[in-house]
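Asks: just the structure for this:
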Amino acid sequence: MARYTGPKSKIARKFQEPIFGADKALEKKKYAPGQHGQNKRRAKLSEYGTQLQEKQKAKYTYGILERQFRKIFAQASRKSGITGENLLQLLESRLDNVVFRMGIAPTRSAARQLVNHRHITVNGNVVGIPSYQLRPGDIVEVRERSKSLEVIVTSLEGRSHPYNWIEWDNKSLSGKFLAYPERENIPENIKEQLIVELYSK
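Replies: Just a heads-up that it's a prediction; the model follows:
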């Protein structure tokens, strides 16, 4: 499945946010990337530019490309409720994101790899699709043969920031997706209304 494989620090510096996690390059160079990044006066973005930048930030944060993002937005538009919140809820309920939120993997890209390599089960069945949409009540678990993997053990040791829409059992290395998260429980700094306005044009 297609995914962004380019330089992550450059993207983080472009948005001035650690969207891929802790980044030493971003901490040291708090200015835009490129030869003239430090001295260049950044032109004021147009309304469209601001909306586009917010969409790009969301795509990079969740590790998905345009075609898939557009499909998720269309799905969010069809659901009842606020489209922007629906969009973030659908992104948060992706299997790779929930694996990351549970602390099984240190980053979303690592979570995607664990899912791709069939280390994760949903309701007792192995699922190798990172974009798999979870539903409230689904049980996500590390496969028995994968519980001793160093990346999983290390990630769980440093696990923090529990989310009230996820229930975790450290003994069985399994968690339950309780419900779609409310907007205030999603920590990502994304202005979803700007994305809705962009696609509404």
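
Asks: for this protein, what spans make up the strands?
Replies: Secondary structure of the chain by DSSP state E: the strands cover 120-122, 125-126, 139-142, 166-169, 174-177.

Asks: so which residue is smack in the middle of this protein?
Replies: Central residue of the chain (C-alpha atoms, centre = their mean): Tyr62, 3.1 Å from the mean position.

Asks: and that one, what is it in contact with?
Replies: 91, 94, 97, 108 (C-beta atoms under 8 Å, 6 or more residues apart in numbering). (Glycine included, C-beta is placed from N, CA and C.)

Asks: how about Tyr199?
Replies: Listed by C-beta under 8 Å, 6+ apart, the contact partners of Tyr199 are 70, 73, 77.

Asks: so it versus Ser46, what's the distance?
Replies: 17 Å (C-beta to C-beta, to the nearest Å).

Asks: ok, now Leu149?
Replies: Counting by C-beta to C-beta, the gap from Leu149 to Ser46 is 47 Å.

Asks: so between those two, which is more surrounded?
Replies: Leu149 (16 against 9; other C-beta atoms under 10 Å).

Asks: setting aside sequence neighbours, what's the nearest residue to the more buried one?
Replies: Leaving aside its chain neighbours, Leu149 sits nearest to His119 (6.8 Å; criterion: C-beta to C-beta, 6 or more residues apart in numbering).

Asks: quick one: the strands of the chain as JSON lines, columns for mean pLDDT too.
Replies: Output for these, formatted as JSON lines (pLDDT from 0 to 100):
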{"stretch": "strand 120-122", "mean pLDDT": "98"}
{"stretch": "strand 125-126", "mean pLDDT": "97"}
{"stretch": "strand 139-142", "mean pLDDT": "98"}
{"stretch": "strand 166-169", "mean pLDDT": "94"}
{"stretch": "strand 174-177", "mean pLDDT": "96"}
